[in-house]
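S.K.: what follows is a predicted protein model with its sequence.
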Amino acid sequence: MPFRLRKKHGSGARRDVSAADGERLVLAQSFGYGLFAGLVTIVIFSVLWVALSSLTNRVFPWMTVLLGAMLGFAVRRAGRGVDWRFPVLAAVLALLGALLANIVVAASYTAETFDTGTLQVLRSVTSMTWPVFFAEVLTVADLFYGLMAAGLAAFLANRQLSRSQYFALRLWRAESDGHD
């Protein structure tokens, strides 16, 4: 047929995969590594955000969206997850990281005001400090960006699979559901 385009992709034949290949994907997951990578990412991000805020004398609340992307990629690379736990982990870490980063940035600004160190301000926090922080420092924008970061982190957290890997995972899940 003259109007048919040449095929430049695969033959369409199924690849030789089995449920054992899917089991190897599941066994390669590591929730602990994903958690550790997420915590390290939060610490690095907080330091970078404080440095940027100090250099520019401005706070950029949208930076938490970058935190969400960084967390999603970190959990994906370290955790190699293929199930629901990894997006949930990334989203929870993004929310906690956004709050922690906002606390650190606020402490940094307070430290500059009182000509002291950020860690000293953080050590001086009392139960009477928190209501003031939540009333005066955190805004609706911080909540909005924190939720966006959580959504982005969850979206990016799972491992990207090829078609044959996805098919192997489906075979393994079908086989393991049949044995229960």
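M.R.: Sure, I can see it.
S.K.: thought Thr41 was touching Ala74?
M.R.: Yes. The criterion here is C-beta atoms under 8 Å, and Thr41 meets it with Ala74 at 4.4 Å. For every residue, glycine as well, the C-beta is placed using N, CA and C.
S.K.: give me the more crowded residue out of those two.
M.R.: Using other C-beta atoms under 10 Å as the criterion, Thr41 and Ala74 rank with Ala74 on top: 26 against 23.
S.K.: got a pLDDT number for that one?
M.R.: The confidence metric pLDDT takes the value 98 at Ala74.
S.K.: just Thr56 next, same as before
M.R.: At Thr56, pLDDT is 92.
S.K.: any figure for the gap between it and Ala94?
M.R.: Noted for Thr56: a distance of 23 Å to Ala94, by C-beta to C-beta, to the nearest Å.
S.K.: same question for Leu138.
M.R.: From Leu138 across to Ala94, the span is 15 Å (C-beta to C-beta).
S.K.: please apply the same query to Thr110.
M.R.: Relative to Ala94, and taking C-beta to C-beta, Thr110 is found at 24 Å.
S.K.: between those two, who's got more neighbours?
M.R.: With neighbours defined as other C-beta under 10 Å, Thr110 and Ala94 compare such that Ala94 has more, 32 against 19.
S.K.: how about the host helix or strand of that one: buried residues?
M.R.: Assigned by DSSP states H and E, Ala94 falls within helix 85-113. Going by neighbour count (16 or more other C-beta atoms under 10 Å), the buried part of helix 85-113 is 85-87, 89-111.
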